[in-house]
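J.: attaching a predicted model along with its sequence, questions to come.
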Amino acid sequence: MNAKLAALAKQVIEAARLQNLSLVTAESCTAGKLSNVLSEVPGAGEHLHGGFVAYTKQAKTELLGVSSELLRQRGAVCADTAIAMAEGALGRSPADIAVAITGVAGPKPDEDHNPVGFVCIAVAREGCVSRHAERHYGPIGRAKILDNAMADALTEALRLIQEPGTETRNAAL
């Protein structure tokens with residue numbers, strides 16, 4: 001794991017500890033890597049409930065309750081799907097905060113013709129409005145796309161822990 005990810009994960013777990021909050025992940029393109037990064041932080045077991053790996057559209061529907069109609073109309077990589085993943089994970093776990101990542105790491109575009117490097121991130125918190133972000137990393141290589149996506153997701157989780165905010169639904173990060 002790179003040092004930047006390790007440092008961000010440590011900050012997220014520490015912030016969650018200070019506020020007595022717990023986390024869950026909902027991951028597609030990162031396939032559990034974000035949950036693993038968080039689990040490497042000493043003491044993470046007290047604040048990380050685990051994660052959902054929903055790589056396919058079917059898994060997103062079955063595991064996280066993402067609407068099959070949403071997936072059919074908008075695809076697996078869009079802000080609405082990322083939000084639905086985060087909210088689904090939150091509703092299916094005892095966690096206070098959920099972080100979701102869905103995207104295209106490559107080597108080629110996905111079945112919905114989204115380009116390599118396109119990633120959507122969402123964070124959800126009990127009692128707060130969910131937030132999302134779209135990132136266009138470009139075709140910089142699978143490993144770099146995943147590392148960038150995880151770093152951005154951790155940054156947004158930290159922001160949500162520290163400043164829950166009162167934005168409207170689907171607020172951009």
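T.: Now that the structure is in, tell me what you want to look at. Numbering: from 1, shown residues only.
J.: mean confidence for the lengthiest helix in the chain?
T.: Ranked by residue count and defined by DSSP state H, the top helix of the chain is helix 142-162. Averaging pLDDT along helix 142-162 gives 97.
J.: what's the answer for stretch 83-91, then?
T.: Mean pLDDT, computed over stretch 83-91, is 98.
J.: stretch 125-133 too?
T.: For stretch 125-133, the mean pLDDT works out to 93.
J.: gap between the two ends of it?
T.: 15 Å (Cα to Cα, to the nearest Å).
J.: with stretch 123-133 instead?
T.: Termini of stretch 123-133 sit 9 Å apart (Cα to Cα).
J.: any idea how far it is from the chain center?
T.: Averaged C-alpha coordinates place stretch 123-133 at 11 Å from its chain's average position (Cα atoms, centre = their mean, to the nearest Å).
J.: tally of neighbours for the nearest residue to Pro109 once chain neighbours are set aside?
T.: Of all residues not flanking Pro109 in the chain, Pro115 sits nearest, at 5.5 Å (Cβ to Cβ, 6 or more residues apart in numbering). C-beta here means a position set from N, CA and C on the backbone, and glycine is covered the same way. Other residues within reach of Pro115 by the criterion other Cβ atoms under 10 Å amount to 15.
J.: for Pro115, what are its contacts?
T.: 104, 109, 136, 139 (Cβ atoms under 8 Å, 6 or more residues apart in numbering).
J.: ramachandran coordinates for Glu111?
T.: Main-chain dihedrals, Glu111, degrees, to the nearest 10: phi -60, psi -20.
J.: run a quick neighbour tally on it.
T.: Glu111 has 9 nearby residues by other Cβ under 10 Å.
J.: any idea how far it lies from Glu62?
T.: According to Cβ to Cβ, to the nearest Å, Glu111 stands 18 Å off from Glu62.
J.: helix, strand, or coil at Pro139?
T.: For Pro139, the assignment made with DSSP: H, G, I helix; E, B strand; the rest coil gives coil.
J.: what about the helices in this protein?
T.: Using DSSP H, the helices of the chain run over residues 3-18, 33-39, 57-64, 68-74, 79-91, 142-162.
J.: nearest to Val24, of these?
T.: Val24 sits nearest to helix 79-91 of all the helices of the chain, at 4.8 Å, using Cβ to Cβ.
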